[in-house]
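[1] Below: sequence and its predicted model.
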Amino acid sequence: MKIKIFEDEVWYPAVSAYGTDMPYSADFSGKVQMKNNPTVNQMTPLLLSNKGRYIYKEDGFIAIFAGGEIEIDEPVIFKEGLGNLREAYKAAAKAHFGSGSIKIAKKLVESPVYNTWMYAPFDITQEKVLAYARDILALGLPAGTLVIDDKWCKDYGDWRFDEEKFPNPEEMIKALHDMGFSLMLWVCPYLSFEAKVYEYCKENSLLLTENNEIYKLKWWNETSATFDLRKKESLVYMENVFEELVKLGVDGFKADGGDSLYYLNEHEPDRQSFLWAELASKYSFNELRADFNTPSLNVFERLCDKKHSWGKTGIAALIPDALALGLGGHPFFAPDMIGGGEVSDIREKCELKRDIFLAHSQVATLFPSMQFSVLPSYVLGEDIYKLKVLLDLRKKLMPYIKELFDECCRSKEPFVRLLEYVFPHEGFEKIKDVFMLGDKYMVVPVTRENEKKKLIRLPKGRWKLGTKVYENGEEIELDLSIDNLLVIERM
């Protein structure tokens, strides 16, 4: 099948990791892989056009862009005549994203998420968790959802609190709840060979195999066994384990891992990834980083770990990746941990940079969720008031954010939107360093080092910035500052 690319037509992939490369025009040549997810983030097998066309296939496809055409060597669903990007998205969502509203914990949007990963990587303890929570409140930051990340248990897959690190988890959980925090735990679908439950899981055929031997899956921490999520018995086993934690008071789970790229073809990689997300979606407090074609599920996503840098692996990727993620039917997400979630940045550098931390905070302020890990005062010191200014701005706009949350739960439309999505055919198809919060607010954060000015053209209509009103699609030069997030209101 060959599809001719129209004049002035561009295509957007519903794949978060492809955000920095989108959109694809007639000048683009290359392969766009929409199956066997090779990325460490979310993939929905959907391509959308600003001319009101879309391409979709439930189990994915590969599109070759060359010579002003898109070539696909397998049957796909191709729809056209839908007018613009937004109408193409809405048609795709109605046809392929499942019925019913998204059901996740509203608290994930209403208040910050605090993750222990960068605060205490690999050496987290009950004492450190409680100290982290108390320090957050002592800084005048609001209580929210606290995530205990990796190494709270002794072995992967044996999801019980390490008794040495956490001598009284029930007492800890009660203390966190009393302080106003909900609690999530980091989990993954892998099982250490040293775990006490390994032999049981092996004997009961719950694990993936290769040539009749237990498959040795190599991931970023170790080489492990892994559950075969296609088997009902495996899912029931894991759900029962998680339910024991819920009985202790745990509110939900950060379901890490499950990346398609770690499995063999015979394991049905994308299906394994989907099933892991489906298990996590049973809990209203959840967080996913890697999954395949899951807009039918009740999931809260996270952009993959970002470097503590300005470039395409850091600040510059946040908005493009988020915009692409939203086009995959995932309105709700965290833009990684503010300042970046790559633990090597903590281990290899003596000092994190205030301007990068504040730039990340600016971008996240009007994203669905702000997620912290490094204690903000560790980076900002006395400048923590600059973060509180952003939190105050979010609080001021919270009535609209709550309204938008409810709307996006129903419609599955993006929470943060491309200008092209809201203002079609006005020449904004390649703009992705500015975004719309719903249909009402244009958000202009600092996304480049030492960025002081930005020349933008406003969409048609009336707009308000501070006390000044603009109209008729004016072109304006904005003064940018790391201390002041610009939000332009549509009137």
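    Nice, I can see it.
[2] Helices along the stretch 201-350 of the chain, start to end?
    Along the stretch 201-350 of the chain, counting by DSSP state H, counting those that start in this stretch, helices occupy 232-248, 269-280, 315-326, 344-348.
[3] model confidence over the shortest one, on average?
    I take that to be helix 344-348. Rounded to a whole number, the mean pLDDT of helix 344-348 is 66.
[4] Check stretch 81-92 too.
    98.
[5] Off-centre distance for it?
    Here stretch 81-92 is found 24 Å from its chain centre; the criterion is Cα atoms, centre = their mean, to the nearest Å.
[6] before we move on, what about stretch 213-232?
    24 Å.
[7] Find the one among the helices of the stretch 201-350 of the chain with the highest mean neighbour count.
    helix 315-326 (a mean of 26; mean count of other Cβ atoms under 10 Å). Bear in mind the C-beta positions are built from the backbone N, C-alpha and C, glycine included.
[8] Rounded mean pLDDT for that one, please.
    Taken as a whole, helix 315-326 has an average pLDDT of 98.
[9] which residues are in contact with it?
    Applying Cβ atoms under 8 Å, 6 or more residues apart in numbering, the contact partners of helix 315-326 are 12-20, 22, 41-42, 301, 303-304, 306, 309-310, 333, 335-336, 356, 359-360, 363-364, 367, 413-418, 432-435, 445, 447-448.
[10] can we see that at 6 Å?
    Contacts to helix 315-326, defined as Cβ atoms under 6 Å, 6 or more residues apart in numbering, come from residues 15-16, 18-20, 22, 42, 303, 333, 335, 359, 363, 414, 416, 418, 432-433, 435, 447.
[11] just to revisit the earlier point, reformat the helices of the stretch 201-350 of the chain as CSV; add distance to residue 4.
    Formatted as CSV, the helices of the stretch 201-350 of the chain follow (distance: least, Cβ to Cβ, whole Å):
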stretch, distance to residue 4
helix 232-248, 44
helix 269-280, 29
helix 315-326, 24
helix 344-348, 45
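[12] and residue 100, which of the ones you listed is closest to it?
    Closest of those to residue 100 is helix 269-280, at 14.5 Å (criterion: Cβ to Cβ).
[13] about what we covered before: go through the helices of the stretch 201-350 of the chain and name the closest to residue 388.
    Comparing the helices of the stretch 201-350 of the chain by Cβ to Cβ, helix 315-326 comes nearest, at 20.7 Å.
[14] Off-centre distance for the closest one?
    Put simply, helix 315-326 sits 9 Å off its chain's centre (Cα atoms, centre = their mean).
[15] Can I get that helix as CSV, trimmed to CA atoms?
    In CSV, the C-alpha atoms belonging to helix 315-326 read as follows (Å, rounded to 0.1, in the frame of the first residue of the first chain):
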residue,chain,number,x,y,z
ILE,A,315,14.8,19.5,28.5
ALA,A,316,14.4,19.8,24.8
ALA,A,317,12.6,16.5,24.6
LEU,A,318,10.0,17.1,27.3
ILE,A,319,7.4,19.0,25.3
PRO,A,320,7.8,17.1,21.9
ASP,A,321,7.6,13.7,23.7
ALA,A,322,4.6,14.8,25.7
LEU,A,323,2.8,16.0,22.6
ALA,A,324,3.4,12.7,20.8
LEU,A,325,2.3,10.8,23.9
GLY,A,326,-1.0,12.6,24.0
